[in-house]
Every structure is written in structure tokens, then in C-alpha cells.
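K.L.:
Model the structure of this input:
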Amino acid sequence: MPTVTLDELGSSTYLLTAEQGQRLARSGVVLAVPSALVPGRWNISARGKVGVARIGEIDLWIRPKLDIARLLFLVGYAIDPTGWRDDEVGLTTGDGLVPAVANALWRQTERALRQGLLQGYREIEETSYVLRGRLREADQLRRHYGQVIPMELRHDDFTVDIAENQILLAAITRMLRVPRVNGQSRQRLTALRSRLADVTSLVRGAQLPAWRPSRLNARYHTALRLAEIVWQATSPEHAPGAAHATGFLFDLAKVFEDFLTVALAESLLAHAHGRAHLQYSCFLDEGATVGMKPDLVWRVGGAAAAVVDAKYKQEKPGGYPNADIYQMLAYCTALGLRRGYLVYAQGNGEPARHVVRHAGVEIVSHALDLTLQPDDLLGRIDRLAVEIAGN
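P.N.:
You can find the predicted model right below:
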């Protein structure tokens with residue numbers, strides 16, 4: 001089976017059949033074009049996703065430039081504003097992203113199930129010959145008019161087949177289908193799937209059931225948030241083309257955007273009075289035909305007070321891309337703001353300020369070093385929040 005290995009921002013050339021190359025190109029996971037110089041060779045480039053995928057008969061492996069523990073901290077923070085720390089994720093084995101996540105999933109799930117499966121009440125509707133619960137009169141008349149039995153009933157059942165256990169089972173099942181899960185993790189995940197045998201499996205294409213954090217399910221919280229991450233990273237949406245990818249893929253631009261906006265919103269709320277809106281909908285024109293969605297808008301007293309956009313990309317040698325500055329100028333103009341903030345994952349651009357001619361709008365560009373320890377990284381975000389709140 002052919003294997004294609006790339007770095008997060010890298011590219012390489014591989015000898016592939018025309019069908020294999022076209023499958024990669026249609027998957028949307030990487031950019032694949034036939035070489036103009038060497039027949040039979042394809043130029044493969046990463047497109048902002050990391051992880052592993054099986055596309056047709058090809059194993060694709062895209063390695064992140066960030067340390068695995070740091071990447072999972074960013075991912076976890078976007079799901080839970082309190083974030084994960086390295087000790088909570090439990091990364092003690094695995095030299096790659098998939099082994100690390102699989103290892104974290106079985107460890108956190110085993111910890112959640114240590115006191116047994118969580119149980120709860122679930123409303124059941126069934127047809128029965130034995131009276132239990134309440135009669136569904138409308139259904140009884142429609143389905144069995146003139147008959148006493150069978151009866152259409154509704155009752156509450158105390159069961160393990162609840163949303164929390166369904167989410168854990170769904171994530172474990174997905175993880176077991178991912179290439180490069182190591183032997184130990186596969187064994188532990190298989191055992192956990194057996195423990196959840198009385199829980200309903202989600203059908204293909206279904207969404208995860210909703211759950212709400214509470215005192216009763218507190219021991220499940222970390223495992224559930226990790227399970228949601230696994231579900232999202234193994235979702236078919238990550239392969240929009242005709243050739244679907246089976247695997248585990250993180251979209252790094254989305255990871256950075258979620259991390260920054262969630263962490264910054266939490267910090268702003270701690271330092272100032274106001275309300276943070278993520279993916280804020282607004283319009284550039286008076287006719288409300290040109291829609292825009294800044295990543296974060298901070299509102300005070302019902303009016304926009306600051307706008308922030310996250311950019312996970314490499315900056316050009318001369319600084320930050322001009323297109324990002326034009327975009328932020330449009331946001332500031334539409335929201336009536338004198339200042340806007342662009343926040344990048346650190347590359348070769350230094351923090352910069354641009355004052356737009358004849359407009360009086362200042363656009364501030366910041367760069368975050370994602371290799372910093374979690375507390376240091378969150379400290380940088382706190383300082384940015386203080387700057388935004390003070391302007």
C-alpha cells in the first residue's frame with residue numbers, strides 16, 4: 001500500500017498511478033497535481049490539515065510542526081474554556097498525533113468509567129402487551145382502534161443508554177477505524193467498546209447527541225470533550241470531494257481560530273464589562289447584501305467596541321499579507337471602529353501597527369508563539385485582552 005508522508009507546510013513528489021493521484025486531488029485533504037517534468041510522478045502539498053487518512057489505497061500521513069502535547073492543548077481549549085494541561089491529557093506514549101490521541105482517549109474513558117457506566121432516565125415509547133407508564137391515547141386509537149391490546153405506551157427507563165455513553169461509544173468506534181492506532185491503544189479501546197455493548201451505536205451520518213455538564217456527570221467531562229474532538233476530527237466533512245478520506249485530521253486554521261477566540265473571550269470577560277460574540281454576523285453595505293463574519297467582536301453597552309480576526313498562515317517575508325489588512329479595514333468601517341486587531345500564529349512577521357490614510361483607522365497585528373508553555377501562552381492572550389479592553 002503506497003504511503004505519502006508530508007510535513008504540515010511541506011510538499012513532496014511521489015510515484016503514483018493516475019487513479020491514485022486523482023483520488024488524492026479529489027479528496028481535498030492535500031493538493032495533488034501531476035508533474036510536468038517526470039511522467040507518473042505527482043506533486044503532493046499539504047493544505048493546512050494534520051493527521052492520517054486512508055484515501056483509496058493510499059496511506060497519507062501529515063505531521064504537525066507543533067509539539068503534540070501543545071497541539072492538543074490548543075484543540076482542547078477550544079472545546080473547554082478551562083483548557084487541558086499536559087498531565088490531564090495523559091500523553092505518556094506515542095510518537096505521533098494519532099497514537100497520542102488514541103492513548104488519551106482510552107485513558108480518559110477508563111478514568112470516567114472507573115466507577116461504572118453512568119446511568120440516567122430516558123423516555124421510551126413502545127408497543128407492549130403489559131401496561132407500564134402512560135398510554136399514548138392518540139397513537140393507540142390510530143394504530144389499534146377498537147382493541148385493548150397491544151398498547152402504545154410511554155415510560156421513563158433508568159438505563160446506561162444515555163447521551164454521555166453514546167458519545168463515548170461513537171468516538172471509540174471512530175478511533176478504531178483510524179490508521180496508525182498502536183496495538184496497546186487498539187486493545188484498550190476494543191475492551192471499552194465491549195463495556196459499552198448495551199449502548200446504542202450511532203448510524204453513519206448521525207450527529208452526536210446533546211449533553212449538558214452537571215454534577216452527576218462530572219467524572220465524564222474530560223472524556224466527553226475529548227470524544228467530541230475525536231468525532232469532529234474523523235468526520236467525513238474533512239473530505240469534501242468524491243474520494244472520501246477515512247482517518248483523523250485536524251484543520252489547523254480552525255484549531256487556532258477556536259483557541260484564540262475562546263481564550264480571548266474568556267480573558268476579556270475577566271478584565272472588562274461587555275460581551276464577546278464569536279463569528280459575529282454583520283454587513284459591509286447599507287443594503288445588507290455583502291455579509292461578513294469577524295472571528296470575535298467585543299460589544300459594550302450594545303455597541304461594538306473591538307474586532308479581532310485570527311490568521312493561521314505563514315506571513316510573507318515583508319510582513320503580514322495586505323489582503324488581511326484590507327479585510328480588517330472593512331470590518332472596522334462597517335462596525336464604526338477606529339481600531340482592529342489581527343492575531344497570527346507566529347512566523348516571520350513582527351507586531352505592527354498601520355494607520356489607514358484619510359480614515360484614521362489603526363490596524364494592529366500581533367503574533368502568538370504557539371510553542372510557549374500553556375500558562376505563558378495564556379498570559380500573552382491576557383495582555384492582549386487588557387490592551388483591547390483599555391482602548
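
K.L.:
Can you tell me which helices and strands the longest helix along the chain packs against?
P.N.:
Looking across the chain with DSSP state H, the single longest helix is helix 252-271. In terms of contacts (3 or more C-beta pairs under 8 Å, 6 or more residues apart in numbering; DSSP states H and E), helix 252-271 is packed against helix 68-79, strand 275-278, strand 296-300, strand 303-311, strand 339-345, helix 374-390. C-beta coordinates here come from the backbone N, C-alpha and C atoms, glycine included.

K.L.:
Return the most buried member of the ones you listed.
P.N.:
Highest mean neighbour count of the helices and strands packed on helix 252-271: strand 339-345, a mean of 24 (counted as mean count of other C-beta atoms under 10 Å).

K.L.:
Pull the contacting residues for residue 274.
P.N.:
Listed by C-beta atoms under 8 Å, 6 or more residues apart in numbering, the contact set of residue 274 reads 268, 298-301, 305, 389.

K.L.:
one more time with 10 Å
P.N.:
265, 268, 298-303, 305-306, 388-389 (C-beta atoms under 10 Å, 6 or more residues apart in numbering).

K.L.:
Leaving out the residues flanking it, which one is nearest to it?
P.N.:
For residue 274, ignoring the flanking residues on the chain, the nearest one in space by C-beta to C-beta, 6 or more residues apart in numbering is residue 300 at 4.1 Å.

K.L.:
Does that neighbour touch residue 277 like I think?
P.N.:
No. Here residue 300 does not reach residue 277: they are 11.7 Å apart, not a contact under C-beta atoms under 10 Å.

K.L.:
Now do the contacts for residue 118.
P.N.:
Contacts of residue 118 (C-beta under 10 Å, 6+ apart): 112, 160, 162-165, 168, 216-217, 219-220.

K.L.:
confidence score at residue 204?
P.N.:
Each residue has a pLDDT score; the one for residue 204 is 68.

K.L.:
What of residue 313?
P.N.:
71.

K.L.:
Spell out the secondary structure type for it.
P.N.:
Per DSSP: H, G, I helix; E, B strand; the rest coil, the secondary structure class of residue 313 is coil.

K.L.:
who's in contact with it?
P.N.:
Contact analysis of residue 313 by C-beta under 10 Å, 6+ apart lists 9, 48, 252-253, 256, 320-321, 324, 344-345, 347.

K.L.:
does residue 214 really touch residue 221, like I thought?
P.N.:
Yes. In this structure residue 214 lies within contact range of residue 221 using C-beta under 10 Å: 9.4 Å.

K.L.:
Settle it for me: which of those two has more neighbours?
P.N.:
residue 221 (17 against 9; other C-beta atoms under 10 Å).

K.L.:
Pick the one among the contacts of residue 313 closest to residue 365.
P.N.:
The shortest approach to residue 365 among those belongs to residue 320, at 5.0 Å (C-beta to C-beta).

K.L.:
show me where the chain has helices.
P.N.:
18-27, 68-79, 86-89, 97-112, 137-143, 163-176, 183-195, 221-233, 252-271, 322-335, 374-390.

K.L.:
any idea of the mean pLDDT in the shortest one?
P.N.:
Predicted confidence along helix 86-89 averages 44 (mean pLDDT).

K.L.:
for the last one, same thing?
P.N.:
Across helix 374-390, the average pLDDT comes to 90.

K.L.:
So for stretch 267-276, what gets flagged as buried?
P.N.:
Applying a neighbour-count criterion of 16 or more other C-beta atoms under 10 Å, one finds 267-269, 272, 274, 276 buried in stretch 267-276.

K.L.:
For the residue nearest to residue 233 when sequence neighbours are not counted, name its beta-bridge partners.
P.N.:
In space, and not counting its chain neighbours, residue 233 is closest to residue 248: 5.2 Å by C-beta to C-beta, 6+ apart. When assigned by DSSP bridges, residue 248 has beta-bridge partners residue 52.

K.L.:
Report the contact partners of residue 248.
P.N.:
Contacts of residue 248 (C-beta under 10 Å, 6+ apart): 50-53, 97-98, 101-102, 174-175, 177-181, 229-230, 233-234, 238.

K.L.:
Show me how the protein divides into domains.
P.N.:
Segmentation of the chain into domains, based on automatic domain parsing, reads 1-65+242-250, 67-119+160-234, 120-159, 272-390.

K.L.:
The ones you listed: which one's closest to residue 260?
P.N.:
Across the domains of the chain, residue 260 has its closest neighbour in domain 272-390 (4.4 Å, C-beta to C-beta).

K.L.:
Residue 384 touches residue 296, doesn't it?
P.N.:
No. Look at residue 384 against residue 296 with C-beta under 10 Å: they stay out of range, at 11.1 Å.

K.L.:
what is in contact with the two at once?
P.N.:
260, 264, 268, 308, 341, 343.

K.L.:
Export the residues you listed as CSV, with columns for distance to residue 33 and pLDDT.
P.N.:
Shown next, in CSV, are the shared contacts of residue 384 and residue 296 (distance: C-beta to C-beta, whole Å; pLDDT from 0 to 100):
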residue, distance to residue 33, pLDDT
260, 32, 94
264, 38, 94
268, 44, 94
308, 36, 96
341, 36, 95
343, 32, 93
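
K.L.:
okay, among these, which ones form the most distant pair?
P.N.:
Spatial extent of these (C-beta to C-beta) is set by the pair 268 and 343 at 13.1 Å.

K.L.:
can you pick the most crowded of the contacts of residue 313?
P.N.:
For the contacts of residue 313, neighbours tallied by other C-beta under 10 Å; top is residue 252, 26 neighbours.

K.L.:
So, low pLDDT: which residues of the stretch 201-350 of the chain?
P.N.:
Along the stretch 201-350 of the chain, the model assigns pLDDT under 70 to residues 204-205, 235-246, 314-320, 347-350.
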